[in-house]
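Enquirer: Using only what follows, build the 3D model:
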Amino acid sequence: CNRCVILDMDSATVEAVVALLEAEGEASAAQLVRSKLGGSQKSESEGLSVETRLVQSYASVADPHGSANMPIYQTATFAQASADEFGEYDYTRSGNPTRSALEAAVASAEGCARCLAFSTGMAALAAVTRLVSSGEEILLSDDSYGGTYRLLAKVCAKMGVSTRYVAMDGPGGPGRLEAAMTERTALVMVESPTNPMQRVCDLRGLARVCRARGALLEVDNTLMSPLLQKPLLLGADIVVHSATKFVCGHSDTMAGVVCVDDPALAERIYFNQNAEGTGLAPFDCWLALRGLKTMALRVYKAQANAMRLADFLADHPKVARVFYATRPDHPDRDLHATQANGGGCVVCFTTADLALSKHVVSHTKLFHITVSFGSVHSLISCPCDMSHASIPPEVRASRDFPEDIVRVCVGIEDPEDLIADLKQAFDSYQ
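Expert: Modelled structure (predicted):
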C-alpha cells in the first residue's frame, strides 16, 4: 500500500497488519501503523478532534505550580544530577522543554510520529536538503517558492548537489516525474497547491513514483496548514511548514517545522539540526504554541473569507483570471478535492495590465503590502517583485508565471470590508 488507513484496531490486529506490511516490504507503512495504533503508545488525547487537541494539550505536566500554559524555558543550559547522571536536557541547542512541547503539538496536528522545530522555514528546508549527498540530485517542482529556488540554485549547487526542474502538477505530473528521474535522484520537492499559481500535484501518484525509485518525497504544506491537508498520509516522506504562517499566525515570529514518520529519517534530520544549531529558540517556541491554540479558528475563517473574495474577483470586469484551487474553473479542482479539505487563504488574480495590478496593490487600505500569508490580517503583493523575485524573469516566463499576477493573502477581517477595499482600489484606476 502507499499509506495505510488508520482505523480502530485491537493490539492483535495491529500486530497482524504490521507483520503483513513487513512481509510485503512496506517497512515505512508498518512503522506508521505501529506508531499510530500500538497499544503502549496510545495517549489520553486519542479520539479527540485536532481542534480540541490544539487547545487542550501541551502544558508542562512537570510544572509544580500547575501552569495552564507551557512555560518559557529561557535558558541555555540545564544542570545535571551528578557527574554521570544526566537528564533529558543539557543544552538548548540540542533540546529544550518548550521546543519539545511545540514539536509534540505540531506532530499531533499533522498526524506524524515526530516533528522538529527550526529557526525559520528556510532553515527547515535547508535541513531537508542536507539529506542529499554531493553527486546526487534534487528534482524540484517548476512552480515553487522563490526562496526554495534560491536555496537549491545558489547554495546546494556549491555543495555538489544539482537541481532539475520538472512540471509535476496535474494528473500527468507523476508520469513526467518518472520520466525525469535518474539513478542520481535522491530527493523530490513539491508544493501543492503551488504558491501563487495554485497548481495542484497528485501527491499519491508522486509518492508511488518516488517509493518505486528509492527517492524521498518532500512536500511543502505551508499553504494548506496541518488542518487542510496531510501529505504524510498521502505517501510523502517529509512535510515542511513555514510555521511563520498559519502555526504562529500573527506575523510576530519566524519558525519552520519538519514532520516525518520514519524514526531513522527523523534522527538524520535532528543530527543536522543539532550540528548546525538551527533549532527554534524557546521564546519563539512559546509564541508558536500560543498561535497553535487558535489555528483552527484562523484557518477556517480566513478560508471562508478567501472564497468570498475569489467570487468577487471572478465577477469583476477588470480581472482576467482568478487562481484558487477549489473554484469550479480550476483545471485540477477534482484532484485537489481528493487530497485536501479546502483551498486555504491565498487567492491570486491577473488583470492583463501590469500597471493596473500594481495600482490595486498600492491603493488598498486594509491590506498590508508585504510577503508572507497565514496571518490574522490580510496582505497583498505582486509576487514577481517580492516573494518570487529570486526567480529570474526569463525563468518565470518559461514557466508561464505572469508578471501581472497579484497575490491576496486573506485574513480574518469582515469579508465585506475587504471586498469594499478591493473595489475602491480598482475603481480608483484611471
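
Enquirer: in stretch 68-76, what counts as buried?
Expert: For stretch 68-76, burial by neighbour count (16 or more other C-beta atoms under 10 Å) applies to M70, P71, I72, Y73. (C-beta placed from N, C-alpha, C; glycine too.)

Enquirer: Actually, stretch 355-366.
Expert: Within stretch 355-366, the residues scored as buried using 16+ other C-beta under 10 Å are L356, S357, K358, H359, V360, V361, H363, T364, L366.

Enquirer: For the longest helix anywhere in the chain, name the packing helices and strands.
Expert: Using DSSP state H to assign secondary structure, the helix with the most residues in the chain is helix 295-315. For helix 295-315, the contact count by 3 or more C-beta pairs under 8 Å, 6 or more residues apart in numbering; DSSP states H and E identifies helix 50-56, helix 225-228, strand 321-323, strand 346-350, strand 406-409, helix 415-427 as packing neighbours.

Enquirer: Kindly recompute the last result at 7 Å.
Expert: Contacting helix 295-315 under the criterion 3 or more C-beta pairs under 7 Å, 6 or more residues apart in numbering; DSSP states H and E are the following elements: helix 50-56, helix 225-228, strand 321-323, strand 346-350, helix 415-427.

Enquirer: Would you map the strands across the stretch 251-400 of the chain?
Expert: Counting by DSSP state E, counting those that start in this stretch, residue ranges of the strands within the stretch 251-400 of the chain are 256-260, 321-323, 346-350, 368-369, 379-381.

Enquirer: Tell me which of the helices and strands packed on helix 295-315 sits nearest to A304.
Expert: In terms of C-beta to C-beta, the element of those nearest to A304 is helix 415-427, at 7.6 Å.

Enquirer: if I pick the nearest residue in space to R204 that is not next to it in sequence, what's in contact with it?
Expert: Using C-beta to C-beta, 6 or more residues apart in numbering and skipping the chain neighbours, the partner closest in space to R204 is L234 (5.2 Å). Applying C-beta atoms under 7 Å, 6 or more residues apart in numbering, one finds that L234 lies in contact with R3, L203, R204, A207, Q339.

Enquirer: can you check M295 too?
Expert: For M295, the residues meeting the contact criterion (C-beta under 7 Å, 6+ apart) are L54, S225, L227, F246, V247, G249.

Enquirer: Make JSON lines out of those and add neighbour count.
Expert: Written out in JSON lines, the entries for the contacts of M295 read as follows (neighbours: other C-beta atoms under 10 Å):
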{"residue": "L54", "neighbour count": "24"}
{"residue": "S225", "neighbour count": "27"}
{"residue": "L227", "neighbour count": "21"}
{"residue": "F246", "neighbour count": "29"}
{"residue": "V247", "neighbour count": "28"}
{"residue": "G249", "neighbour count": "28"}
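
Enquirer: Just put those in a markdown table and tack on distance to C285.
Expert: Shown next, in a markdown table, are the contacts of M295 (distance: C-beta to C-beta, whole Å):
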| residue | distance to C285 |
| --- | --- |
| L54 | 15 |
| S225 | 18 |
| L227 | 20 |
| F246 | 16 |
| V247 | 11 |
| G249 | 14 |
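
Enquirer: Nearest to L48 among the residues you listed?
Expert: Of all these, L48 sits closest to L54, with 9.8 Å by C-beta to C-beta.

Enquirer: you'd agree that closest one is up against T294?
Expert: No. With the criterion set as C-beta atoms under 7 Å, L54 and T294 do not qualify as a contacting pair; they are 8.3 Å apart.

Enquirer: buried residues in stretch 290-301?
Expert: Under the neighbour-count rule (16+ other C-beta under 10 Å), stretch 290-301 has R290, G291, L292, K293, T294, M295, A296, R298, V299, Y300, K301 buried.

Enquirer: and that stretch, how far from the chain's centre?
Expert: Mean C-alpha position of stretch 290-301 versus that of the full chain (C-alpha atoms, centre = their mean, to the nearest Å) differs by 15 Å.

Enquirer: Assign a three-state SS to V219, would you?
Expert: The assignment at V219 comes out as strand when based on DSSP: H, G, I helix; E, B strand; the rest coil.

Enquirer: Kindly state the beta-bridge partners for it.
Expert: V219 has the following beta-bridge partners by DSSP bridges: V190, V239.

Enquirer: Please look at it and L233 and confirm they touch.
Expert: No. Counting by C-beta under 7 Å, no contact exists between V219 and L233, whose distance comes to 11.1 Å.

Enquirer: Between these two, tell me which one has more neighbours.
Expert: When V219 and L233 are compared for neighbours, V219 comes out ahead with 29 against 22, by other C-beta atoms under 10 Å.

Enquirer: Please read off the pLDDT at G146 from the model.
Expert: pLDDT recorded at G146 is 85.

Enquirer: how far away is it from F312?
Expert: When C-beta to C-beta, to the nearest Å is applied, the distance between G146 and F312 equals 28 Å.

Enquirer: Could you pull up the mean pLDDT of the longest helix of the chain?
Expert: Per-residue pLDDT values across helix 295-315 average out to 98.

Enquirer: swap in stretch 157-168?
Expert: Mean per-residue pLDDT for stretch 157-168: 96.

Enquirer: Residues in contact with that stretch: which ones?
Expert: For stretch 157-168, contacts defined as C-beta under 7 Å, 6+ apart pick out 129, 132, 134-142, 152-153, 156, 173, 176-177, 180, 190, 201, 206.

Enquirer: buried residues in it?
Expert: With burial defined by 16+ other C-beta under 10 Å, the residues of stretch 157-168 counted as buried are V161, S162, T163, Y165, V166, A167, M168.

Enquirer: Quote the end-to-end distance of that stretch.
Expert: By C-alpha to C-alpha, to the nearest Å, the extent of stretch 157-168 from end to end equals 22 Å.

Enquirer: And stretch 128-139, by the same measure?
Expert: 13 Å.

Enquirer: Likewise for stretch 176-185?
Expert: Taking C-alpha to C-alpha, the span from the opening residue of stretch 176-185 to its closing residue is 14 Å.

Enquirer: Could you do stretch 372-380 as well?
Expert: The stretch stretch 372-380 measures 9 Å between its terminal residues, going by C-alpha to C-alpha.
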